[in-house]
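1. Coordinates for the following, if possible.
(one chain, ligands or ions: 1)
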Amino acid sequence: MPDITIFLITLCLISSILILKLYKSSPVKSHLPPSPFWLPIIGHLHLLSGNPHQAFHKLSKRYGPVFRLFLGSTPCVVVTTPETAKEIFKTHENVFLDRPHYSVANYLSYGEKGLIFAPYGSSWMFLKKLIMSKLLNSKTLDLLFPVRRDEINRFIKYLSQKARDGEYVELEGKLMKLANNVISRMFMSKRCSEEEDESSDITKIIAESGEIVGNFNLSDHIWFCKNLDLQGLGKKSKDIHTRFDALMERIIEEHEEARKHETGEAKDLLNILLDISEDESMEIKLTREDIKALVKDVLNGGTDTSSITIEWALAELINHPNMMKKAVDEIDQVVGKNRLLQESDIRNLPYLQAIVKESLRLHPVVPVIQRLSSQDCTVGGYHIPANTTTFINVWSLNRDPTHWENPFKFMPERYKENQVDVRGQHFQLLPFGGGRRLCPGTSLGLLTVQTTLGAMIQCFEWKTGKNESLATVDMEEGIGLTLPRANPLVCIPVARLDPIPLSV
Ligand code: HEM
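-> Purely as a prediction, here's the structure:
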């Protein structure tokens, strides 16, 4: 071989090794986010006792807006500012469209079917389009308005009775039932009330599902626990799934039976889903499991989210009597005293809207949104590898001091000048998430919360039962996937208008 050839081959080899070395130690590739000291096996779990969003918030003070953690052996990254959230939801939207995989969620969602836990892909896209364009679009919401009005009327009548009897109301359970009844009737024409044995299970099943998904499952994060069910969560979730499935089968069979004898307009959203499942021209065949998983998701997604938001907003108003007065004055002026506030009044009640928005800012019911990265990318200047569980700390970014004056203070007045919206366009306020996985129940959720809260303060004053001058409620946060109050709100409604004879 001539000398020149040997020289060229050697040069090529050396430069290849150098390029490879350079690539491996490239600052972009190795520039991982900062991370606290971790312990073998548990990783950073010891830092996350209590509420994860508060633990993340504290860690961000030390480690900055993007930091890395290991939950057991699961690699995670936490982002805590509007700017970094924007990178997740907008700049790199395509990278963060998946959800992390959890074994309990897998059982409860018919193997990651439906929307909430489904991986990004053709099935999720089909269902998301369906829910946005056919099930929860403004036309269908208008058609099913009588259902929501009836449920709110029943609730107000129940409160009136309590007011007459001077009795306390345990609002958490009652509001959850109300929200559950709204979704359950819209989708399946079923109430979840005490009188009906079969459907009363729905609220219980949904509450149990929410609780179980909120648990930290050792099997998902500690590698040698993978096939062990030490906490019994796998067993519990299979039991919940079996009960829900049996209930849904019965409801679907009833619908199928009724469909044989009825023609004409669909009475509920399950009928629309059954129509679609029979339509051979659809791009994707909607299976029975898809339907059941989707109904489960809307029941899960739409129940305690709305009820918890109403509870927090009412608690804020009880603690701020001047704001309560301003809201009630606005309602009296716009709606009057002779009829119950309706959904159609909301557009004329900007202060009530601002109260709900401010409540969602300080008490976002999903304080931490979870996504999974599908490719390597860079966020906040740091390298985020593929398959990283990504926590977007909405609780933190909703109170980011560079975007919010007095960020910890409840101030609905701030929206007079600040036109920031809750629908995922403004990254300093993301109670419904953002990007393509934005909550599909945003309009329904807002309508339910605003109208129920409005009717509750239109018709009643709310007493906590203590000495009037001390009548405030604590604002301590409970632990859960959705952000409940630590101490549920228990109040006596005192009638200010007599709602029973109100014309509605
Ligand atoms: C105050 C009320 C509500 C709040 C604050 C809320 C909040 C959220 C949030 C933060 C997400 C995650 C979004 C993301 O990953 O970016 C979400 C997802 C979801 N929500 Fe809601 N929600 C509410 C009401 C509802 C209602 C009424 C329904 C259904 C009737 C619903 C159904 C869902 C579903 C199915 C998803 C999963 C969407 C997906 O992964 O593509 N939500 N919600």
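2. is any part of stretch 98-118 close to the ligand?
-> Yes. Stretch 98-118 is in contact with the ligand by C-beta under 6 Å from any ligand atom, via Leu115, Ile116. To be clear about C-beta, it is placed using only N, CA and C from the backbone, and glycine gets the same treatment.
3. and the end-to-end length of that stretch?
-> Length of stretch 98-118, first residue to last, C-alpha to C-alpha, to the nearest Å: 8 Å.
4. Give me the buried positions along it.
-> Within stretch 98-118, the residues that count as buried by 16 or more other C-beta atoms under 10 Å are 98-100, 102, 104-110, 112-118.
5. Can you name the residues in contact with that stretch?
-> Residues outside stretch 98-118 that contact it (C-beta atoms under 8 Å, 6 or more residues apart in numbering): 74, 119-120, 123-124, 127-128, 131, 209, 212-213, 215, 217, 219-220, 233-234, 237-238, 240-241, 244, 289-290, 292-294, 296-297, 300-301, 370-374, 389, 440.
6. got a pLDDT number for the residue nearest the centre of the chain?
-> Closest to where the C-alpha atoms of the chain average out (C-alpha atoms, centre = their mean) is Val366, at 4.6 Å. Looking at Val366, its pLDDT is 97.
7. tell me which element it falls in.
-> In this assignment (DSSP states H and E), Val366 forms part of neither any helix nor any strand.
8. Verify the stated contact: it with Asn393.
-> No. The pair Val366 / Asn393 is not scored as a contact, 10.8 Å apart, by C-beta atoms under 8 Å.
9. worst-scoring helix or strand of this protein, pLDDT-wise?
-> Sorting the helices and strands of the chain by mean pLDDT, DSSP states H and E puts helix 3-24 at the bottom, at a mean of 42.
10. From the ligand, how far off is the residue nearest to the centre of the chain?
-> 4 Å (C-beta to the nearest ligand atom, to the nearest Å).
11. what sits against Pro33?
-> By C-beta under 8 Å, 6+ apart, the residues touching Pro33 are Tyr63, Gly64, Val66, Phe67, Arg68, Val77, Gly380, Tyr382, Ile384.
12. which ones among those are found in helices?
-> Within those, residues falling in helices by DSSP state H are Tyr63.
13. Weed out the non-buried ones from the contacts of Pro33.
-> Those of the contacts of Pro33 that meet the buried threshold are Tyr63, Val66, Phe67, Arg68, Val77, Gly380, Tyr382, Ile384, by 16+ other C-beta under 10 Å.
14. thinking again about what came up before, show me what contacts the residue nearest to the centre of the chain?
-> By C-beta under 8 Å, 6+ apart, the residues touching Val366 are Thr305, Val394, Pro431, Gly433, Leu481, Thr482, Leu483.
15. Looking at those residues, which one is closest to Lys285?
-> Lowest distance from Lys285 to those (C-beta to C-beta) belongs to Gly433, with 28.4 Å.
16. what's around the closest one, how many residues?
-> By other C-beta atoms under 10 Å, the residues close to Gly433 number 20.
17. Would you agree it is in contact with Gln425?
-> No. Counting by C-beta under 8 Å, Gly433 does not reach Gln425; the two are 11.8 Å apart.
18. Run a quick neighbour tally on Thr287.
-> Neighbours of Thr287 (other C-beta under 10 Å): 13.
19. now do Phe187
-> Here the count is done by other C-beta under 10 Å, and Phe187 has 24 residues near it.
20. Which helix or strand contains it?
-> Under the criterion of DSSP H and E, Phe187 resides in helix 171-188.
21. after that helix comes which helix or strand?
-> Counting by DSSP H and E, the next helix or strand C-terminal to helix 171-188 is helix 197-213.
22. packing partners for that following helix?
-> Here helix 197-213 touches helix 103-108, helix 171-188, helix 233-261, helix 288-302, helix 304-319, going by 3 or more C-beta pairs under 8 Å, 6 or more residues apart in numbering; DSSP states H and E.
23. mean confidence score for the helix or strand following the first one?
-> Read it as helix 103-108. Per DSSP H and E, helix 103-108 leads on to helix 122-130 as the next helix or strand towards the C-terminus. Computed over helix 122-130, the mean pLDDT rounds to 96.
24. Which other helices and strands does the following helix or strand past helix 122-130 contact?
-> Using DSSP H and E, the helix or strand that follows helix 122-130 towards the C-terminus is helix 138-143. Judged by 3+ C-beta pairs under 8 Å, 6+ apart, the packing partners of helix 138-143 are helix 442-459.
25. chain center to the helix it packs on, what's the gap?
-> Its chain's C-alpha centre and that of helix 442-459 lie 17 Å apart, by C-alpha atoms, centre = their mean, to the nearest Å.
26. hmm, it in reach of the ligand?
-> Yes. Counting by C-beta under 6 Å from any ligand atom, the ligand has neighbours in helix 442-459: Leu444, Gly445, Val449.
27. still on that earlier bit, of the contacts of stretch 98-118, keep whichever come out buried.
-> Of the contacts of stretch 98-118, these count as buried by 16+ other C-beta under 10 Å: 74, 120, 123-124, 127-128, 131, 209, 212-213, 217, 219-220, 233-234, 237, 240-241, 244, 290, 292-294, 296-297, 300-301, 370-374, 389, 440.
28. Within range of the ligand, give me the residues from this structure.
-> Checking the chain against the ligand by C-beta under 6 Å from any ligand atom, the hits are 115-116, 128, 183, 297-298, 301-302, 305-306, 309, 365-366, 369, 431-434, 437-441, 444-445, 449.
29. got any ranges where this structure has weak pLDDT?
-> Regions of the chain meeting the criterion pLDDT under 70 cover residues 1-30, 193-200, 263-266, 465-470, 499-504.
30. Got the domain ranges for it?
-> For the chain, automatic domain parsing gives the domain ranges 3-100, 122-495.
31. Single out the most deeply packed of those domains.
-> A comparison of the domains of the chain by mean neighbour count, using mean count of other C-beta atoms under 10 Å, puts domain 122-495 on top with a mean of 18.
32. What distance do you get for Ile457 to the ligand?
-> In terms of C-beta to the nearest ligand atom, Ile457 sits 18 Å off from the ligand.
33. Number the chain from 537, please
-> Taking 537 as the first residue, the last one we looked at is Ile993.
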